[in-house]
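1. here's a sequence, model it:
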Amino acid sequence: MPSDYYDVLGVDSDASQDEIKKAYRKKAMEYHPDRNPDDPEAEQKFKEASEAYDVLSDPETRQRYDRYGEAGLGQDGAGGRGAGRGFHDIEDIFSAFDDIFGGGGGRRSRRQRGRPGSDLRVTLPLTLEEIAEGTEKNIKVRKFLSCDTCEGTGAEGGMEGENYVMCSKCDGTGEVRQVSRSVFGQFVNVQACPQCNGEGRIIENPCDDCGGEGRIEGEETISVTVPAGVMEGNYLTISDAGNAGIRGGVPGDLRIEIEEEPHEHFVRDGLDIYHDVYLSFPEAAMGTEVEVPTLKGRARLEVEPGTQAGKILRMRNRGIPDLEGSGKGDQMIRIHVWTPQELSDSEQEMMEQLQHHDNFQPQPEERPHEKSFFRRVSDVFS
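-> Next up, the predicted model:
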């Protein structure tokens, strides 16, 4: 522990709380790790200044220190507050003293400086084949990228530059307070500082490439892994792949929404896919073998004799896999029997001969849809 906290901050023992706070800001900005990367001595001085402020900013702890010195702080060092909380690294100190760096008493660490970037949303079209197998896509996204010239800081020289000054309007807190009085009492309105946009600091020498924003417009190629079984409306979220933040603010997220492209042969219904097959009347009556497309090529399908129009044949496990991995859908084949629209004289004569044969007359047991329809009608009028 330093021998004298007042000496560490460079103030007299009778300094006011405001003087102590200003002195700490000055020391903190001087030895800030962002300005002194890879400098253990500066980091140690920053910790010492933070420890001194932790003691002297609290009236009760300061009183004990003034009266008893180090002994008044007990075994925990800084009154059981700073060192007593057990800081493990520099991030703990930022968290504890974020009000000095534009947090206004909130919990803003140095990783949260600047203004956050916005989220982005893009649409990713996929074929049924890609959905069935899963795929990896590279997509180009137009967005704001972190400026390489200033390392995203917005200041000339980047992290190494001495381009930041404390905002004079908000005194580095990042917010301004307006107090109004009425018959109902006193009201305090707290808003982000308009001069520094709530950051608590101002750039003296902005970066020429980004104009001080710390980001530029550009394009980035992002690799996306799409699992098998997704469907229209599903989306994937990639953290920190959205627009870059302003002056070091955290980037937004990228939301990728899945869109199914219309397929030439199939219609999807959940995990199942449907395909229509058209047969001639002789093929349906005598049976045949047809070649049908699948999501993995083509396959031969046997159609039994006497297959009725509207019948659905099932090809198991030829559909879409479940996204959770609990099975796979089927491929459904809907049978349609083609009716000729024009007949020659000989064909007309042939049909006239066949239509009077009992075997060509629809049988009631082969018309389940018709039976159920009449049953429902009779129920209505009964």
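2. now do the SS call for Phe46.
-> What DSSP: H, G, I helix; E, B strand; the rest coil gives for Phe46 is helix.
3. shouldn't it be in contact with Met29?
-> No: using CB atoms under 8 Å as the test, Phe46 is too far from Met29 to be in contact (9.8 Å). All C-beta spots, glycine's among them, are computed from the backbone N, C-alpha and C.
4. and these two? Which one has more around it.
-> More crowded of Phe46 and Met29, by other CB atoms under 10 Å: Phe46, with 24 against 19.
5. not counting its neighbours along the chain, what's nearest that one?
-> Tyr31 (4.1 Å; CB to CB, 6 or more residues apart in numbering).
6. same question, Arg314
-> Sequence neighbours aside, Asp330 is the residue nearest to Arg314 in space, at 5.2 Å (criterion: CB to CB, 6+ apart).
7. mind listing what the one you found touches?
-> Asp330 sits next to 271-272, 314-319 when contact means CB atoms under 8 Å, 6 or more residues apart in numbering.
8. got a ChimeraX select line for the buried ones in those residues?
-> Listed next is the ChimeraX selection for buried residues among the contacts of Asp330, using 16 or more other CB atoms under 10 Å:
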select :271,272,315,318,319
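9. for the contacts of Asp330, give me JSON lines that also has secondary structure and pLDDT.
-> Output for the contacts of Asp330, formatted as JSON lines (DSSP: H, G, I helix; E, B strand; the rest coil; pLDDT from 0 to 100):
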{"residue": "Leu271", "secondary structure": "coil", "pLDDT": "96"}
{"residue": "Asp272", "secondary structure": "strand", "pLDDT": "97"}
{"residue": "Arg314", "secondary structure": "strand", "pLDDT": "95"}
{"residue": "Met315", "secondary structure": "strand", "pLDDT": "95"}
{"residue": "Arg316", "secondary structure": "coil", "pLDDT": "95"}
{"residue": "Asn317", "secondary structure": "coil", "pLDDT": "95"}
{"residue": "Arg318", "secondary structure": "coil", "pLDDT": "95"}
{"residue": "Gly319", "secondary structure": "coil", "pLDDT": "96"}
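10. dump the contacts of Asp330 to JSON lines, plus distance to Gly211.
-> Shown next, in JSON lines, are the contacts of Asp330 (distance: CB to CB, whole Å):
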{"residue": "Leu271", "distance to Gly211": "52"}
{"residue": "Asp272", "distance to Gly211": "55"}
{"residue": "Arg314", "distance to Gly211": "63"}
{"residue": "Met315", "distance to Gly211": "61"}
{"residue": "Arg316", "distance to Gly211": "62"}
{"residue": "Asn317", "distance to Gly211": "58"}
{"residue": "Arg318", "distance to Gly211": "57"}
{"residue": "Gly319", "distance to Gly211": "54"}
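11. and the contacts of Asp330, which is closest to Ser118?
-> Nearest to Ser118 among the contacts of Asp330: Leu271, at 35.9 Å, using CB to CB.
12. name the nearest residue to that closest one, ignoring sequence neighbours.
-> Once flanking residues are discounted, Leu271 sits nearest to Gly329: 2.8 Å by CB to CB, 6+ apart.
13. what's the pLDDT at the one you found?
-> If you check Gly329, the pLDDT there is 96.
14. wait, His32 touches Phe46, no?
-> Yes: counting by CB under 8 Å, His32 touches Phe46, with 6.6 Å between them.
15. cool, thanks, signing off.
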